[in-house]
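1. pasting a predicted model and its sequence here:
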Amino acid sequence: MNIVTMGLLASLAAGMMTAVGALPVLLGQSVSRRANDAMLGFAAGVMLSASFFSLILPGIDAAEAMYGSVVIAALISGAGIGLGALVVAGLNETLPHEHFFQGHEGADAGALAKIWLFVLAITIHNFPEGMAVGVGFGGGDVANGISLATGIGLQNAPEGLAVAVALRGQGYSRRRSFLVALATGLVEPVGGLLGAAAVSLSAVLLPWGLAFAAGAMIYIISHEIIPETHRHGHQNAATTGLTVGLILMLLLDVILG
């Protein structure tokens, strides 16, 4: 199996964890707001840890080996992180989409059905995660790719549950809430395929791709996930979840890497 195929399949497996997370909603189970915030905090912690230990640091190592200068490597990493955050911020401001609790944001939605506003929002948030997995495999480091896929899969479960719970709370049926959560995961293999293909075709793109994916995820953590987990007064639960997620992803990265 070649690297690109491995990146595609791993990002698909990670994305499908959103459906696993949404299963309680499909089965009619309720989840407290506190538990939901704690699980979203866990997702943020996994993403934050993955950004640094599985993306930024390997990207710096790759750039240093390529150019023989730690200064150039740091500059490339910084530029890639900034570019990733900037692109996601631009998409966030330009594409019409609907936040689950903050409401409408971006350009006028026009005749777009509300369900597609949610799908666009999910695409903005989850595409970089799939790309991160793809880039991890595309660079040739299978262990790093597996670590990323495992961590992002773990954080996708509470994220899928949060999406389904939010939709259910807005009047969607259990089946539709589950299917939309499933759709969030199906975005990730697209990013995984593009990320793996890009860096496998050109080694020069590897440090840029790793840093770009990290910057995109850091933006999502700061702009979307953490503010949402603190919105309902459950900061302690959310922070505990974030800490546990960060430590777990760190352990996975060290053990698998």
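-> Noted; the coordinates are in hand.
2. just checking, Val31 is part of a helix?
-> No - counting by DSSP: H, G, I helix; E, B strand; the rest coil, Val31 is not found in a helix; it is coil.
3. for it, what are phi and psi?
-> The phi and psi values for Val31, taken as degrees, to the nearest 10, are phi -130, psi 130.
4. ok, it to Arg168 distance?
-> 10 Å (Cβ to Cβ, to the nearest Å). Glycine gets a C-beta too; all of them are placed from N, C-alpha and C.
5. more neighbours: these two, which one.
-> When neighbours are counted by other Cβ atoms under 10 Å, Arg168 comes out ahead of the other of Val31 and Arg168, with 21 against 16.
6. number of residues surrounding the residue nearest to that one when sequence neighbours are not counted?
-> Of all residues not flanking Arg168 in the chain, Ser177 sits nearest, at 4.6 Å (Cβ to Cβ, 6 or more residues apart in numbering). By the criterion of other Cβ under 10 Å, Ser177 has 22 neighbours.
7. just checking, Ser177 touches Ala22?
-> Yes - using Cβ atoms under 8 Å, Ser177 is in contact with Ala22, at 7.0 Å.
8. tell me, what's touching the two both at once?
-> Residues touching both Ser177 and Ala22 (Cβ atoms under 8 Å, 6 or more residues apart in numbering) are 163-164.
9. please enumerate the helices of the stretch 151-257 of the chain.
-> Taking DSSP state H, counting those that start in this stretch to define them, one finds helices in the stretch 151-257 of the chain at 174-201, 205-220, 226-229, 235-256.
10. pick the most deeply packed of those helices.
-> Highest mean neighbour count of the helices of the stretch 151-257 of the chain: helix 205-220, a mean of 27 (counted as mean count of other Cβ atoms under 10 Å).
11. how about the strands in the stretch 51-200 of the chain?
-> 97-99, 103-105 (DSSP state E, counting those that start in this stretch).
12. local confidence estimate at the residue nearest to Arg168?
-> With respect to pLDDT, Ser177 has a value of 87.
13. now Ala113
-> 46.
14. again, but for Leu120
-> pLDDT, Leu120: 64.
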